[in-house]
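Chemist: Any chance you can model this:
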Amino acid sequence: MIYRPLYVDKIMAYTDTPFVKVLTGVRRSGKSTILKMIIEKLKTERGIPEDRIVSCRYDSMEYEDVTAKEMFAELKAKLSPEGKTYLFLDEVQEIKGWERVVNSLAADYDVDLYVTGSNSRMMSSEISTYLTGRYIAFRIYTLSFAEYLVFKQSYGSVGDPKKELTDFVRLGGFPATQLQSYSQDEIYTIVRDIYNSTIFSDIVKRGQVKKVDQLERVVKYTFDHVGNTFSAKSISDYLKSENRKLDNETVYGYLEKLEKAYLLHRCSRYDLQGKEILKTQEKFYLADTSLRYSVLGYNSDTVASGLENVVYLELCRRGYSVYIGKTGDGEIDFVASKQNERLYVQVTQSIGSEKTEKREYNRLLEIRDNYPKYVLTTDEFAGGNYEGIKTMHIADFLLSDEY
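Modeler: The predicted structure follows:
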């Protein structure tokens, strides 16, 4: 196991507190492995004996027909009579009524609870209904660029980060694809399997989707338009042009299901003048850039939006709420806020002309505040300061600890 301190340290700060630690995220993002890392640290660093640690994986066939009542009885029987029991419940959403079990255990017994899940029943809005005031949620993302380099170093040599970034955008960061040296085709086969199991298990089966071909057309349109603002109407109009009738509400329903399965992230627009979140022309980003290429095939023309996707995910990983910034007559790629912090980010593959340079910098110069502003690019000699705006190579930004 390759240690992921970004999550393990953050989660363990809440060990032995009365809060249920809830880990959510797209399938195969590493949630189960992070639970194992926490178990290992409890044993080695805190001296917790084996008999006070209970771990169950509920997507196993062993639990296929288990009821919530049976789940509760089994866990209750495993509780230690001497001291706190540490319970690790993986993929709990497979058990209908799991939330009542977790609530009862947390309220009535001396336990420290950790649970994971990867579908709509584990969205924050759902969990807050079940575990009011009793949980801390942690979103687990696929590998960051820094983690990707650590994983790659474990089985091969790592070159200049600026060159490695190209592979990272193309191959993505699902941990399973970076445990050894795989070819591009092998990686896309693994990612396609993750995609298919998410679509058919978490969306089609659970969401009772009857017209799978419609859903897949919406998926492909969305994947193909990552980083572009669009609406349900634009998808509906596109499908109409292909003689496929689909109303706006159905499209919205499909987008919501993809979001609840953690395949998509919705990024709303924020009006920087009116100081309000806008409900129209949102953007969607993928849980991992490899999803697009494994489903639609690799296309070098999509690298620019892939870079934007990577920066978006990094800001989310670092705890920022991320929006598209609407200015008077244009847009800022990202406005990222966290408590009293804020930063503005423009992402461009290359500043190849004076026109591009003017566009990227002028939009940031329109913003009259003192928060940090960045223009990120893959230009080889990117760096420097332009009227208070920092220019950085995207690889340097992803690896930086200054924001």
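Chemist: can you give me the helices for the stretch 151-300 of the chain?
Modeler: With DSSP state H, counting those that start in this stretch applied, the stretch 151-300 of the chain shows helices at 161-171, 184-197, 212-224, 232-241, 248-260, 290-296, listed in chain order.
Chemist: With mean pLDDT and mean neighbour count added, can I get these in a markdown table?
Modeler: Quick note: C-beta positions are derived from backbone N, CA and C, even for glycine. Putting those into a markdown table (pLDDT from 0 to 100; neighbours: other C-beta atoms under 10 Å) gives the following:
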| stretch | mean pLDDT | mean neighbour count |
| --- | --- | --- |
| helix 161-171 | 96 | 18 |
| helix 184-197 | 97 | 17 |
| helix 212-224 | 93 | 17 |
| helix 232-241 | 87 | 16 |
| helix 248-260 | 92 | 19 |
| helix 290-296 | 96 | 23 |
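Chemist: out of these, nearest to residue 90?
Modeler: Closest approach to residue 90 among the helices of the stretch 151-300 of the chain (C-beta to C-beta): helix 184-197, 15.7 Å.
Chemist: out of everything not next to it in sequence, what's closest to the residue nearest in space to the middle of the chain?
Modeler: To find the centre residue of the chain, average its C-alpha atoms and take the closest one (C-alpha atoms, centre = their mean): that gives residue 141, at 4.1 Å. Nearest in space to residue 141, with sequence neighbours left out and distances taken as C-beta to C-beta, 6 or more residues apart in numbering, is residue 317 at 5.2 Å.
Chemist: neighbours around the one you found, how many?
Modeler: Burial measure for residue 317: 20 neighbouring residues, criterion other C-beta atoms under 10 Å.
Chemist: mind listing what it touches?
Modeler: If a contact means C-beta atoms under 8 Å, 6 or more residues apart in numbering, then residue 317 has 6, 141, 144 as its contacts.
Chemist: can you tell me which of those residues lies nearest to residue 268?
Modeler: The shortest gap between residue 268 and any of these belongs to residue 141, at 19.0 Å (C-beta to C-beta).
Chemist: Confirm for me that that closest one is in contact with residue 286.
Modeler: No: taking C-beta atoms under 8 Å as the contact criterion, residue 141 and residue 286 are not neighbours in contact, 11.3 Å apart.
Chemist: In the stretch 301-403 of the chain, mark out all the strands, start to finish.
Modeler: In the stretch 301-403 of the chain, strands defined by DSSP state E, counting those that start in this stretch lie at 321-326, 331-338, 341-347, 373-377, 385-386, 389-393, listed in chain order.
Chemist: Can you give the strand pairings for the shortest one, parallel or anti for each?
Modeler: Taking DSSP bridges as the criterion, strand 385-386 pairs within the sheet with strand 389-393 (antiparallel).
Chemist: So which helix or strand of this protein has the lowest pLDDT on average?
Modeler: Within the chain, no helix or strand scores below helix 124-130, which has a mean of 65 by mean pLDDT, DSSP states H and E.
Chemist: continuing past it, what's the next helix or strand?
Modeler: On the C-terminal side of helix 124-130, the nearest following helix or strand under DSSP states H and E is strand 135-139.
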